[in-house]
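Asker: sequence plus predicted model, see below.
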Protein chains: 2
Amino acid sequence: MTFSMLQMAKDTQLASQQVATLPTTTKNDVLQAIANNLRSNTANIIEANDLDIKNAKQSGLSDAMTDRLLLDKDRIESIAQAVEHIVSLEDPVGLTTSNSRRPNGLQISKQRIPLGVIAMVYESRPNVTIDAAVLCFKAGNAIILRGGKEAINSNLALVQCIHEALQQFDIAPAAVSLVPDPDRQHLNEMLTLFQHIDLVIPRGGEGLIKFVTETSQIPVIQHFKGVCHLYIDKDADLTKGLDILLNGKVQRPGVCNSLETLVVHESVAAEFLPQVAKAFADNDVKVHACEQSISYFDNAIPATTADYDAEYLALEIAVRVVSDFEQAVQHIQTYSSGHTEVIVSQDICAVQDFVRQINSAVVMVNASSRFSDGGELGLGAEIGISTSKLHAYGPMGLESLTTEKFVVIGDGQIRQ
Amino acid sequence: MTFSMLQMAKDTQLASQQVATLPTTTKNDVLQAIANNLRSNTANIIEANDLDIKNAKQSGLSDAMTDRLLLDKDRIESIAQAVEHIVSLEDPVGLTTSNSRRPNGLQISKQRIPLGVIAMVYESRPNVTIDAAVLCFKAGNAIILRGGKEAINSNLALVQCIHEALQQFDIAPAAVSLVPDPDRQHLNEMLTLFQHIDLVIPRGGEGLIKFVTETSQIPVIQHFKGVCHLYIDKDADLTKGLDILLNGKVQRPGVCNSLETLVVHESVAAEFLPQVAKAFADNDVKVHACEQSISYFDNAIPATTADYDAEYLALEIAVRVVSDFEQAVQHIQTYSSGHTEVIVSQDICAVQDFVRQINSAVVMVNASSRFSDGGELGLGAEIGISTSKLHAYGPMGLESLTTEKFVVIGDGQIRQ
């Protein structure tokens, strides 16, 4: 039988009506069964993964990509533990978020409901298959998984663990559907099915996200890039500032909440930048410096506007000295990617102005940009980080996988 | 100078940063000035509108369309009053919606912020120019207005009233930008500018909404159609049921919250449908009836699945008898447009099950579907009704024109 993308979307949509009304306890029982199945099927999963790894090596996939693809006993155990963590999170579905009474006696409330069908488009990491499926399911959604072709055997084995758990509780397996044929033509078709799919979340490189955004007729949650700024104000505690700078740039430079640009008020530049220069030299951080700061660094390169736009994702940073607070805000508003910006300052007025004027998804005061993450912000788990403002902005947890309906209770009211 | 869509989007985006931080009092003062300007410029506006009306008649526009286009003293006064009503609504910007403390001492809150730049794409009603502009502005957004070419002279005169008010308070006129050339090619370009525009709201016929949805790379709020259902349960109060039915079908059949399908439990059909038949006959309502109900009506036509899908927007309705509650829910889930569904029942269990299982934007219990409207639900004013679940679902007020950012306050915390 040939695969039909449209039929899969319709089946998933039908299953979504069943998932939407499952009690929390049933959903949690299914998740626990998935975790158990992952553990008891570890050997099968590794066998399927071996096939993907072999194919990857034959087709000359890079070592880094092949490592992302790899599943071993430890990785499978940590995926199972992540599923158990989702069990412990509060179910957002059914929560009443507001309640009021109109003069005519109508009782108006808003209730959280699932989005319906979520399509996840991702690359070669097979752990996304489980992570995304269980988060969407816990929020009462059905899901279509479209992973990369490199991971297809691993994904089939992982989804088998999910399907067995669903069947154990009489839930339609289509509630978690895996596109078995990662052909680009099926993806193109999927992105037109706005009558059956409510949301698309692409997870991967900028090319994938750009393609999905430009092609999709379904709403897309975008996460383009994180060009995070640290602004050291004239009233900054410079010791904290240096800690926050190093934590943001050096601890894990390859992630989107790492720092890419340091903005320094000129009145503290002479005291702060020599300390920065030493710390950067000690940590092999490459510096792109503006005219006013370049003299503080050995081997710095003059910064261009391309540097202010850059997401280095490496031990590399742009440095700019500004003459006042307004210039700092202006620089950040011009070059921000809308992800995370940090101010270090002891001055309450500067902090308030910064929080008011900077409308990035996360605005940090005297804390590391590395906290800009669903887990660290208390969301429990993260399905992605949105840098577009619609629906969700910033790290997205379970609640972002729901919407709200109005519930109106009357006693026979009609409109005059 | 030739018009540049890209330049207009960039200018509007720059102005949006200014509008985002305006105090509520300034925004209200601007709105009051707009209302005043509309009144003092009534003669100019009518003169510009006369030109549009003349052109419309020459190009053979229908009488209904020409009436939509018409502005007279009374209509301008009621537009001015609508602006003054927006002054009285609460400003959503800056509201803190959650606040918590993490174990490491970080204080995490979420704050409402404007979306940024909103593009409104509409047809020939010039009142939308003012309504949309003032709602978006009150929520701290800048706006790009792209109305139909039939209304261009009226729109230019109306926007002039807004620009004078903005200039009086030193706000960049680009905060409310009107596309001066309603050429389709500029619209096409606009819909690609996702780096400068945050949201597109199309308002008009299904063709316009479909075109914008399929073309846009920017998130779109969709309002396709309202196929609203009324379900009369076996435990319904039939007197209330008949009132709610007539109010929903007859009071104003041409609007999206009017009823299109009546679903009746078979155990009350014999008692209820004769009353319905009489009331429909008295009100000239054309009936498309299922096999089980057709005998109750004179002149009814057999209902097809096309009837169950139809948004009649006229004195015309589909009627279906179901054997039980589950079949009623299934019918609604199959044919619902996600707008509004009503149950009439005195049985708390049936009501609860209906509210739980029907995930349309508005679920009504014992009240007329005609209350499904921003004003009636207490939102103060309405920018549109979303039938897609992302971002907003159902009637959208000021709050739907904002998003939330995380604000994180620390004391030097870094990530371990």
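Answerer: Sure, I can see it. Residues are numbered from 1 along each chain as shown, chains lettered A, B, ... in the order given.

Asker: rest of the way, CA atoms for contacts and neighbours
Answerer: Will do.

Asker: excluding chain neighbours, what is closest to A:N37?
Answerer: A:C161 (5.3 Å; Cα to Cα, 6 or more residues apart in numbering or on different chains).

Asker: residues contacting that neighbour?
Answerer: A:I34, A:N37, A:L38, A:N41 (Cα atoms under 8 Å, 6 or more residues apart in numbering or on different chains).

Asker: and of the residues you listed, the nearest to chain B?
Answerer: The shortest approach to chain B among the contacts of A:C161 belongs to A:I34, at 25.8 Å (Cα to the nearest Cα).

Asker: what's the offset of the strand or helix carrying that closest one from the middle of its chain?
Answerer: A:I34 is part of helix A:24-40, with elements assigned from DSSP states H and E. With Cα atoms, centre = their mean, to the nearest Å as the basis, helix A:24-40 stands 24 Å off its chain's centre.

Asker: out of the contacts of A:C161, which are buried?
Answerer: A:I34, A:N37, A:L38 (16 or more other Cα atoms under 10 Å in any protein chain shown).

Asker: shouldn't A:L262 be within a helix?
Answerer: No. Using DSSP: H, G, I helix; E, B strand; the rest coil, the assignment for A:L262 is strand, not a helix.

Asker: name all residues that make contact with the closest residue to A:Q222 other than its chain neighbours.
Answerer: The shortest distance from A:Q222 to any non-neighbouring residue, by Cα to Cα, 6+ apart, is to A:S386 (5.4 Å). Neighbouring residues of A:S386 by Cα under 8 Å, 6+ apart: A:I221, A:Q222, A:H223, A:A361, A:A392, A:Y393, A:G394, A:P395, A:M396.

Asker: how about the residue in the stretch 251-400 of chain A that chain B sits nearest to, what does it touch?
Answerer: Residue nearest to chain B within the stretch 251-400 of chain A: A:H391 (3.5 Å; Cα to the nearest Cα). Contact partners of A:H391, counting by Cα under 8 Å, 6+ apart, are A:S400, B:L390, B:H391, B:A392, B:T403.

Asker: out of those, list just those in strands.
Answerer: B:T403 (DSSP state E).

Asker: and the residue nearest to A:V255 when sequence neighbours are not counted, how far is that from A:R252?
Answerer: Nearest non-adjacent residue to A:V255, counting by Cα to Cα, 6+ apart: A:L313, 6.3 Å away. According to Cα to Cα, to the nearest Å, A:L313 stands 9 Å off from A:R252.

Asker: how about A:G105?
Answerer: Taking Cα to Cα, one finds A:G105 at 56 Å from A:R252.

Asker: for those two, indicate the residue with more neighbours.
Answerer: A:R252 (17 against 12; other Cα atoms under 10 Å in any protein chain shown).

Asker: who's in contact with the closest residue to A:A132 other than its chain neighbours?
Answerer: Spatial nearest neighbour of A:A132, chain neighbours left out: A:I383 (6.5 Å); criterion: Cα to Cα, 6+ apart. Contacts for A:I383 (Cα under 8 Å, 6+ apart) come out as A:D131, A:A132, A:L135, A:P395, A:M396, A:G397, A:L398.

Asker: again, only using 7 Å
Answerer: Contact analysis of A:I383 by Cα atoms under 7 Å, 6 or more residues apart in numbering or on different chains lists A:A132, A:M396, A:G397.

Asker: those residues of the stretch 301-416 of chain A touching chain B, which are they?
Answerer: Proximity of the stretch 301-416 of chain A to chain B, by Cα under 7 Å from any Cα of the partner chain, involves residues A:356-357, A:359-368, A:370-371, A:377, A:389-391, A:393, A:403-415.

Asker: around chain B, pick out the residues from the stretch 1-150 of chain A.
Answerer: So the stretch 1-150 of chain A meets chain B at A:T21, A:I108, A:L115 (Cα under 7 Å from any Cα).

Asker: can you redo those residues as a markdown table with pLDDT?
Answerer: Listed next are the residues of the stretch 1-150 of chain A next to chain B as a markdown table, based on pLDDT from 0 to 100:
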| residue | pLDDT |
| --- | --- |
| A:T21 | 95 |
| A:I108 | 96 |
| A:L115 | 97 |
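
Asker: residues near A:D50, how many?
Answerer: Neighbours of A:D50 (other Cα under 10 Å): 18.

Asker: so which elements touch the helix or strand where it lies?
Answerer: In this structure, A:D50 sits in helix A:42-58 according to DSSP H and E. Counting contacts by 3 or more Cα pairs under 7 Å, 6 or more residues apart in numbering or on different chains; DSSP states H and E, helix A:42-58 is packed against helix A:152-168.

Asker: sorry, back to before: ok, the residue of the stretch 251-400 of chain A closest to chain B to B:S98 distance?
Answerer: 17 Å.

Asker: can you check A:Q7 too?
Answerer: Counting by Cα to Cα, the gap from A:Q7 to B:S98 is 41 Å.

Asker: over to A:Q160?
Answerer: Distance from A:Q160 to B:S98, by Cα to Cα: 39 Å.

Asker: between these two, point out the one with more neighbours.
Answerer: A:Q160 (20 against 10).

Asker: per-residue confidence for the more buried one?
Answerer: Per-residue pLDDT puts A:Q160 at 98.
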